[in-house]
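Visitor: need a structure here:
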Amino acid sequence: MRAVQFTDHGERDVIEYAERDEPERGDGEVLVDVKAAALNHLDVWTRRGLPGIDLSMPHVPGSDAAGVVRDGGETRFDEGDRVAVWAGVACGDCEFCRDGDEPLCVDYHIIGEHVPGVHAERACVPAENLVRVPEGVGWETAAAAPLVFGTAWRMLVTRAELRAGENVLVLGASGGVGHACVQIARHAGATVYATAGNEEKAEAARELGAEAVFDYTDENFADAVREATDGRGVDTVVDHVGKETWRDSLASLAKGGRLVTCGATTGGDATTDVNRIFWNQLDVLGSTMATRGEADDVLSLVWEGALEPRVRETLPMSEAAEGHRMLEERDGFGKVVLRPDSET
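Guide: All right, here's what the predicted structure looks like:
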């Protein structure tokens, strides 16, 4: 079979679409014919190299995919079942797993980041990491939704406990997690503000439910938020940008507000205004991935059409490097999806 892979960390030129041995299904695993696979910024970071993660090369990236079961073994899945991948893997035995909070697992890891991923014609995936995809749901939708919508759901619903009538600021609304957060917050009954880098992205965010969108290249979004809320600020800020936006994210919050973060694309060494945190009694909340139950909850809304992953481009896997470029250069709105060349 063929798969996207790289034999060393580096820039986009390390990516290749090459022949690999067929995957061998282990106990508890399911062999899946991949119909579509989505890119995430995690794939870019994995390609560049992440501290503390020593990958076996050549490495197949990819945390999101959807397809048809070829061999379900002794699992609950049968040949022909439609499935999508949930990438978070937990040990099931530590104190956090026993308490039902899998993302806090002491051995938590992510398919495609710590172990081989699913950007391939076929992949073996633990049965517990597969969710059923109803008939009528397109392969691009099924592949694009799990990681970003699961992550966004945990951030807003579980960690920030967003409630109807509150207001929320979503940074980077054009990205995968950002555009999922806009929709989930609107679905929860919140008033949504967002940031974007140009008018085209801003219009797309408004179409998904954002009340107002601020161009971060042209204005200070903290000042814009204060003006839009009559000086009050927002109840929740979603920040996955990190160093460049951290101080303004805190400055955007109302008293008693919550800042929730799942990443730091511009760097993790942000300067924190501690005085603002204690005086305004702010909560700073970290969030990673989701439990399988949280993923099931949000994906049920995707399957029924209440939430929609926007796909900016669908490319053959042989053009995976172009997909990485689009993510790195913030080119477009929503998700980039790959299809095996045999499926295009």
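
Visitor: what about the stretch 201-344 of the chain, any weak spots by pLDDT?
Guide: Along the stretch 201-344 of the chain, segments meeting pLDDT under 70 are nowhere present.

Visitor: Please enumerate the helices of it.
Guide: Secondary structure of the stretch 201-344 of the chain, counting by DSSP state H, counting those that start in this stretch: helices at 221-228, 246-251, 274-279, 292-303, 320-328.

Visitor: The first one packs against which elements?
Guide: Counting contacts by 3 or more CB pairs under 8 Å, 6 or more residues apart in numbering; DSSP states H and E, helix 221-228 is packed against strand 191-196, strand 212-215, helix 246-251. C-beta here means a position set from N, CA and C on the backbone, and glycine is covered the same way.

Visitor: CA atoms of the shortest one as PDB?
Guide: By that I understand strand 212-215. Extracted C-alpha coordinates of strand 212-215, given in PDB (Å, rounded to 0.1, in the frame of the first residue of the first chain):
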ATOM      1  CA  ALA A 212     -18.600  40.200  15.300                       C
ATOM      2  CA  VAL A 213     -15.200  39.400  14.000                       C
ATOM      3  CA  PHE A 214     -12.100  41.500  14.600                       C
ATOM      4  CA  ASP A 215      -9.200  41.600  12.200                       C
END
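
Visitor: in its sheet, what does that strand sit against?
Guide: Strand 212-215 has the following sheet partners, assigned by DSSP bridges: strand 191-196 (parallel).

Visitor: For the strand it pairs with, what does the pLDDT average out to?
Guide: Across strand 191-196, the average pLDDT comes to 96.

Visitor: Please enumerate residues in contact with that strand?
Guide: For strand 191-196, contacts defined as CB atoms under 8 Å, 6 or more residues apart in numbering pick out 166-174, 178, 182, 185-186, 202, 204-205, 209-216, 221, 225, 228, 234.

Visitor: could you flag which of those are buried?
Guide: Neighbour-count burial (16 or more other CB atoms under 10 Å) is assigned, among the contacts of strand 191-196, to 166-174, 178, 182, 185-186, 202, 204-205, 209-210, 212-214, 216, 221, 225, 228, 234.

Visitor: for the nearest residue to Gly49 once chain neighbours are set aside, what are its contacts?
Guide: Spatial nearest neighbour of Gly49, excluding adjacent residues (CB to CB, 6 or more residues apart in numbering): His9 at 3.6 Å. Taking CB under 8 Å, 6+ apart, we find His9 in contact with Arg47, Arg48, Gly49.

Visitor: Select only the buried ones of those in ChimeraX?
Guide: Burial among these is assessed by 16+ other CB under 10 Å; the matching ChimeraX selection reads:
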select :47
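
Visitor: Which member of the contacts of His9 is positioned nearest Phe149?
Guide: Using CB to CB, Arg47 comes nearest to Phe149 of the contacts of His9, at 23.1 Å.

Visitor: Does that closest one touch Gly10 like I think?
Guide: Yes - assessed by CB atoms under 8 Å, Arg47 is found in contact with Gly10 at 7.3 Å.

Visitor: returning to what we had before: wait, which of the helices and strands packed on helix 221-228 is closest to Met1?
Guide: That would be strand 191-196 among those, by CB to CB, at 38.7 Å.

Visitor: Distance of the residue nearest in space to the middle of the chain relative to Cys94?
Guide: Nearest to the mean C-alpha position of the chain, by CA atoms, centre = their mean, lies Val148 at 2.6 Å. Distance from Val148 to Cys94, counting by CB to CB, to the nearest Å: 26 Å.

Visitor: What of Gly28?
Guide: As judged by CB to CB, Gly28 and Cys94 stand 19 Å apart.

Visitor: One more: Thr265?
Guide: 29 Å.

Visitor: Export stretch 221-230 to PDB, keeping only CA atoms.
Guide: Extracted C-alpha coordinates of stretch 221-230, given in PDB (Å, rounded to 0.1, in the frame of the first residue of the first chain):
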ATOM      1  CA  PHE A 221      -8.700  42.700  19.700                       C
ATOM      2  CA  ALA A 222      -8.800  43.300  23.400                       C
ATOM      3  CA  ASP A 223      -9.800  46.900  22.800                       C
ATOM      4  CA  ALA A 224     -12.400  45.800  20.200                       C
ATOM      5  CA  VAL A 225     -13.900  43.300  22.600                       C
ATOM      6  CA  ARG A 226     -14.200  45.900  25.300                       C
ATOM      7  CA  GLU A 227     -15.900  48.300  22.900                       C
ATOM      8  CA  ALA A 228     -18.300  45.600  21.700                       C
ATOM      9  CA  THR A 229     -19.300  44.700  25.200                       C
ATOM     10  CA  ASP A 230     -19.600  48.200  26.600                       C
END
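
Visitor: List phi and psi for Leu147.
Guide: Taking degrees, to the nearest 10, you get phi -70, psi -50 for the backbone angles of Leu147.
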